[in-house]
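Visitor: Show me the folded form of this:
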Amino acid sequence: PSTTTAAWRAACAQLREVLAAPPRAWTLGPCRIPAIEIVDDLLELDVDADGFARCELRMRGYEIAAVRAARRARRAPEAEGNDAERESGLDGVRVDLGGRVLLPRFVDAHAHLSKAHLRPRCATPSGSINDALRCEPLEQARWAAELEESYADPTPSFFERRFDFSLRCALAHGSRALRTHLDGVQHCAAHPRLRERVYAVFDAARTRWLRRGLELQGVANLFLPHYAAEMGCSAADAAAHVRRAAASDGVVLGAYVPMLDPADARMDAAAAERWFDALFAAARAQPRAAPCAACLLYTSDAADEEDS
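Guide: Residues are numbered from 1 along each chain as shown. From the prediction side, this is the model:
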């Protein structure tokens, strides 16, 4: 390997060692971080054309104690830092990143791992929600067929491989946490065994990837009116959905919402308020599933003005 590669490998090894048992004070840098993250207007840093500021991070344990301009050249120890920094030990262990970009790990707040990698078998040529909704019932029928095959064949199904490949990519590209909709759990009447398989795949993935530093959260979606036992769902089915979501670690309740129509009493803002009340009442009854995620869509500008 080149000298640069060897130096970087050594720095990575040193960083792993430091992070395993961080000293009270140590320095990380020189590195480049997004200048937009710098909130200290008095801090003068060199910013490159890509918007990255060259700096070094003074660390206390796992916390950033200070951001300082990166040193251009190694100076004599007596010239490094000010007296306060030397006294506090901030010039102790140094991990040299060689000016590489340093970013916080990402949080992927919205994913559909069940429906990842569908092309070419279920294309969405327009990229619209209508195309996505068209794929949903087609895919769920395929999931059910794959599910039956998987009971006879121990090889991981395409459904499980989607989860695995997606999470490998997320971890490799720096994600620390990922939230995915659990597509399939809300249609247990059509495919009664599918719901349990989705949860089983999620539970196994969450346990496996948490050990590797990637936390997985699942959203158990339900058509919002169903929480109020309206539009084709019984109160018993809605309650079963909530109980099952609460039974799995890391699963929260969610809802997808019909287009509202202020001219229709069944679909107006008052109806939406009733549905949301039912959703949050269900969440309060099952504290493990208490956080909720939902979106609200309106059909007209008049509805937007009325809501505001």
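Visitor: what number of residues lie near the nearest residue to Ala70 once chain neighbours are set aside?
Guide: In space, and not counting its chain neighbours, Ala70 is closest to Pro30: 3.6 Å by CB to CB, 6 or more residues apart in numbering. Any C-beta I mention is one placed from the backbone N, CA and C, and that applies to glycine too. Look at Pro30: counted by other CB atoms under 10 Å, it has 21 neighbours.
Visitor: same deal with Ser175?
Guide: Quick note: Ser175 (other CB under 10 Å) scores 20 neighbours.
Visitor: any residues touching the longest helix that the chain contains, and which ones?
Guide: What stands out as the longest helix in the chain, according to DSSP state H, is helix 129-152. With contact meaning CB atoms under 8 Å, 6 or more residues apart in numbering, helix 129-152 is reached by 114-115, 118, 121-125, 156-160, 183-184, 187, 190-191, 193-194, 197.
Visitor: May I see the PyMOL selection of the buried members of those residues?
Guide: Entered in PyMOL, the line below selects the buried ones among the contacts of helix 129-152, by 16 or more other CB atoms under 10 Å:
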select buried, resi 114+115+118+124+157+159+160+183+184+187+191+194+197
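Visitor: and the contacts of helix 129-152, which of them are in helices?
Guide: 158-160, 193-194, 197.
Visitor: And Pro22, how far from Arg68?
Guide: For Pro22, the distance to Arg68 (CB to CB, to the nearest Å) stands at 18 Å.
Visitor: Tell me the helices and strands packed up against the strand or helix carrying Arg284.
Guide: Using DSSP states H and E, Arg284 sits in helix 269-285. In terms of contacts (3 or more CB pairs under 8 Å, 6 or more residues apart in numbering; DSSP states H and E), helix 269-285 is packed against helix 235-246, strand 251-256, strand 292-294, helix 301-307.
Visitor: Check which helices and strands the second one is in contact with.
Guide: Identification of packing neighbours for strand 251-256 by 3+ CB pairs under 8 Å, 6+ apart yields strand 215-223, helix 235-246, helix 269-285, strand 292-294.
Visitor: out of those, deepest packed?
Guide: Most buried of these by mean neighbour count (mean count of other CB atoms under 10 Å) is strand 215-223; its value is a mean of 22.
Visitor: and Asp40, how many neighbours?
Guide: When neighbours are defined as other CB under 10 Å, Asp40 has 9 of them.
Visitor: Ignoring the adjacent residues along the chain, who's closest to it?
Guide: Closest residue in space to Asp40, ignoring its immediate chain neighbours: Val67 at 7.0 Å, by CB to CB, 6+ apart.
Visitor: Go ahead and measure how far the helix or strand encompassing Asp164 is from the middle of the chain.
Guide: Asp164 is part of helix 158-172, with elements assigned from DSSP H and E. Remark: helix 158-172 is offset 13 Å from the chain centroid, using CA atoms, centre = their mean, to the nearest Å.
Visitor: Compute the inter-axis angle for it and helix 129-152.
Guide: 110 degrees (axes from the mean of the first three to the mean of the last three CA atoms, to 10 degrees).
Visitor: Alpha carbons of the helix or strand that helix 158-172 is followed by, as PDB, please.
Guide: Sequence order places strand 175-181 as the next helix or strand after helix 158-172, per DSSP H and E. The C-alpha trace of strand 175-181 is given here as PDB (Å, rounded to 0.1, in the frame of the first residue of the first chain):
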ATOM      1  CA  SER A 175     -26.400   5.800   8.800                       C
ATOM      2  CA  ARG A 176     -26.800   5.500  12.600                       C
ATOM      3  CA  ALA A 177     -30.600   4.900  12.600                       C
ATOM      4  CA  LEU A 178     -33.200   4.100  10.000                       C
ATOM      5  CA  ARG A 179     -37.000   4.200  10.200                       C
ATOM      6  CA  THR A 180     -38.900   1.900   7.800                       C
ATOM      7  CA  HIS A 181     -42.600   1.400   7.200                       C
END
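Visitor: Next, the angle strand 251-256 makes with strand 175-181.
Guide: Using the same axes, to 10 degrees: strand 175-181 against strand 251-256 is 50 degrees.
Visitor: mind listing what strand 175-181 pairs with, with the direction of each?
Guide: Next to strand 175-181 in the sheet, as set by DSSP bridges, lie strand 106-111 (parallel), strand 215-223 (parallel).
Visitor: buried stuff in that strand?
Guide: Under 16+ other CB under 10 Å, the buried positions of strand 175-181 are 175, 177-181.
Visitor: what residues does it touch?
Guide: With CB under 8 Å, 6+ apart as the test, strand 175-181 has contacts from 105-114, 167, 170, 202, 213-219, 221, 254, 293.
Visitor: Tell me how far it lies from the chain's centre.
Guide: Strand 175-181 sits 2 Å away from the centroid of its parent chain (CA atoms, centre = their mean).
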